[in-house]
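**Q** Sequence plus the predicted model coming up.
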Amino acid sequence: MPELAEVEFYRTQWNDGLGKKVLRVALHGDKRIFRGTDVEGLERVLAGSVLKSSEARGKQMLFRFTKDAWLGLHLGMTGKLTTAPADHAPAKHEHLVLFQKERALVFEDMRQFGRVHFHQGKEAPAWWAEIGVAPNDPEFTLELMRAFLARRPKLTVKAVLLVQEGFPGIGNWMADEILWRAGIQPARLVRDLSEEASARLWKETRYVAREALKKIGKKFGDPPKGWLFHERWSRKGVCPKHDTPLERATIGGRTTAWCARCQPS
DNA sequence: TACTCTGTTGAATA
DNA sequence: TTATTCAACAGAGT
């Protein structure tokens, strides 16, 4: 579930803990979300450190602590960040809990497609610096997007929108929303896009990213009325513009919904 | 009961 | 190097 805007929303859920010390760390260190992570170091260093700040880039989040400690989080498909009372007992899927005096900062992830990174150093970890420019960033220019498309000519447009190096933060529902608004058939190959079509793709990518951030990033909830979002889940979904039934297929390995009338080619 | 579906992604294979 | 497929996981729905 968590795409660009939802990630931003979840990031802010730990804001109450900013400037406060972590007294104790509870975690399920054998879970998949910790794969490749120095769990022992994470536990030892974060206990006694103070949460200083946080930032989101695409679907990634980075929390900065004192002691030069950095906690990177990815929510996968079912990850959530919440807070709980200080005496909270971690539930089955609450794999990482940072206890502070007044509250517990909770990371839960039922299906464990998410990920926890721990890093200690003056600078942010290398993987963080390498994240691409997200569509809500002013640096996400038409030229930048076209340069990325040029390297993926044989992907379908639907598939290319899901490649995080080029479109950080875009996930399945946002991709469908963008293509519907841009009037592009999702199974179209990238190399067959006209100049005009790629310009529309760029414009709508930015629009959907910014609007979603505005509406969902602040206060969790559904996108505005009239978005394809509200129709694409249901078997009986119809195009918000013409009420024509939506087409459905697996494209780029993912369930895809589109309107044959709005997106003929 | 058993089988299918799911908003992610990254490893293995071609 | 780039594209495709499948598995990791847990639960809900049919």
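**A** Looks like it arrived, so ask away.

**Q** Which residue does the stretch 51-200 of chain A have closest to DNA strand B?
**A** Among the residues of the stretch 51-200 of chain A, residue A:171 lies nearest to DNA strand B; the distance is 2.3 Å by CB to the nearest atom of the strand. For glycine as for every other residue, the C-beta is placed from the backbone atoms N, C-alpha and C.

**Q** Find the nearest non-adjacent residue to that residue, please.
**A** residue A:3 (3.6 Å; CB to CB, 6 or more residues apart in numbering).

**Q** so how far is residue A:197 from residue A:264?
**A** As for residue A:264, its distance to residue A:197 is 12 Å (criterion: CB to CB, to the nearest Å).

**Q** quick one: which of these two has more around it?
**A** residue A:197 (17 against 10; other CB atoms under 10 Å).

**Q** What residues does the more buried one make contact with?
**A** A:182, A:184 (CB atoms under 8 Å, 6 or more residues apart in numbering).

**Q** Now do it against residue A:62, distance only.
**A** For residue A:197 relative to residue A:62 (CB to CB), the value is 35 Å.

**Q** Over to residue A:155?
**A** 29 Å.

**Q** So between those two, which is more surrounded?
**A** Neighbour count, other CB under 10 Å: between residue A:155 and residue A:62, residue A:62 has more, with 21 against 18.

**Q** Contact residues of the stretch 1-150 of chain A facing DNA strand B?
**A** A:1, A:2, A:3, A:59, A:74, A:76, A:77, A:113, A:115 (CB under 7 Å from any atom of the strand).

**Q** which of those are buried?
**A** Among those, the ones that count as buried by 16 or more other CB atoms under 10 Å are A:2, A:3, A:59, A:74, A:76, A:115.
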